[in-house]
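Visitor: Using only what follows, build the 3D model:
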Amino acid sequence: MTGQVHFLATSAAASSRPAGAVTLHTRIRDELRERIAAGSWRPLDRIPSESMLMRQYGVSRPTVRQALGELEHERLIFRVAGKGSFVAQNRPFQELDRLQGFAEAMRALGHATVNRVVGLQRLPAPQRVAERLGLARGAPVTEIQRVRHADGAPVSLDVTWLPAELGERVARADLATRDIFTVLERDCGLALGHADLAIDAMPADARLAGLLGIAPGAAVLRVERLTHARDGTPLDYEHLFCRGDNFQYRLRVHRGPIGT
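Guide: Numbering: from 1, shown residues only. Modelled structure (predicted):
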């Protein structure tokens, strides 16, 4: 009976709130989010069941489910049928609506990063690389291959091609700890402008799987990125091969006017 009285009182209070006041499901969502952020539950820990949350807050099951659904949409929890809701693993992610380097993005989220250089060479530009960088086919380029790690786990293989002389300057930097974007800006005095991206998926071959610690044939996300200087000159052409199980790219998009 106590729970019922609490529910009725809470509901009455909610109905008397002015527009814009915190709703019941929002309160539950926010309090659970705060507990997750504070470390009250570790990744993969089970959080209180729907029934427990209903009793704790004196609310209906749809209200609890709405709160949990929003946390699931935020990727803070995941639900397993018949078993309950669990705290999601804190996967690193990078927003695609900004042009930023991997380490720059990870530091902003509190993740530790390190790069392992697995390839560095000067070679004649393959046709696709030459086209994207605006070079003659066979012109010399510097190719840099790095495995990017976040919190000790490999998340991507980044293959970068730069015009040879620029690449040689970049190669002299500490590529284990620094982003190439940072080197281009601070060491080479180049102002970056924008990048063009294309994204698809592919199976990992044996070498890529070994570098990323996944099974051969596992799906990886492939990002093709061409970065331009502020004056529009193409500078940096990359292929990024990313694990899907421990890293994400995120992007917010807005709907424009409806066409006629």
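Visitor: Point out where this structure drops to low pLDDT.
Guide: In the predicted model of the chain, residues 1-22, 75, 89-97, 101-112, 246-254, 259-260 satisfy pLDDT under 70.
Visitor: can you map out the helices along it?
Guide: Taking DSSP state H as the test, the helices found in the chain are 2-16, 24-37, 50-57, 61-73, 102-108, 127-133, 164-171, 180-182, 206-212.
Visitor: What lies in contact with the second one?
Guide: Meaning helix 24-37. Helix 24-37 has contacts (CB atoms under 8 Å, 6 or more residues apart in numbering) with 10, 14, 22, 41, 47, 53, 57, 59, 63-64, 66-68, 70-71, 74, 76-77, 87. (C-beta placed from N, C-alpha, C; glycine too.)
Visitor: Arg132 contacts Leu226, correct?
Guide: Yes: assessed by CB atoms under 8 Å, Arg132 is found in contact with Leu226 at 5.2 Å.
Visitor: hey, what's in contact with both of those two?
Guide: Pro234, Tyr237.
Visitor: still on that earlier bit, pull out the buried members of the contacts of helix 24-37.
Guide: Applying 16 or more other CB atoms under 10 Å to the contacts of helix 24-37, the neighbour count classes 41, 47, 53, 57, 59, 63-64, 66-68, 70-71, 76-77, 87 as buried.
Visitor: one step back: would you mind telling me which of the helices of the chain is nearest Leu197?
Guide: Closest approach to Leu197 among the helices of the chain (CB to CB): helix 127-133, 12.2 Å.
Visitor: Who are the packing partners of that closest one?
Guide: Applying 3 or more CB pairs under 8 Å, 6 or more residues apart in numbering; DSSP states H and E, we find helix 127-133 packed against strand 140-150, strand 153-163, strand 234-243.
Visitor: Next, the angle from the second one to strand 234-243.
Guide: Taking axes from the mean of the first three to the mean of the last three CA atoms, to 10 degrees, one finds strand 153-163 and strand 234-243 inclined to each other by 160 degrees.
Visitor: Check which residues of strand 153-163 are buried.
Guide: Ala153, Pro154, Val155, Ser156, Leu157, Asp158, Val159, Thr160, Trp161, Leu162, Pro163.
Visitor: same deal with the first one?
Guide: Within strand 140-150, the residues that qualify as buried by neighbour count (16+ other CB under 10 Å) are Val141, Thr142, Glu143, Ile144, Gln145, Arg146, Val147, Arg148, His149, Ala150.
Visitor: could you dump stretch 153-168 to CSV, C-alpha only?
Guide: Output of stretch 153-168 as CSV, limited to C-alpha atoms (Å, rounded to 0.1, in the frame of the first residue of the first chain):
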residue,chain,number,x,y,z
ALA,A,153,43.4,-2.3,-26.9
PRO,A,154,44.0,-2.0,-30.7
VAL,A,155,41.1,-0.2,-32.4
SER,A,156,42.3,0.6,-35.9
LEU,A,157,45.0,0.3,-38.5
ASP,A,158,45.6,3.7,-40.2
VAL,A,159,47.4,3.8,-43.5
THR,A,160,48.4,7.3,-44.5
TRP,A,161,49.9,8.6,-47.8
LEU,A,162,51.5,12.0,-48.0
PRO,A,163,53.5,13.8,-50.8
ALA,A,164,57.0,12.5,-50.3
GLU,A,165,58.7,15.6,-48.9
LEU,A,166,55.9,16.4,-46.6
GLY,A,167,55.8,12.8,-45.5
GLU,A,168,59.5,12.8,-44.6
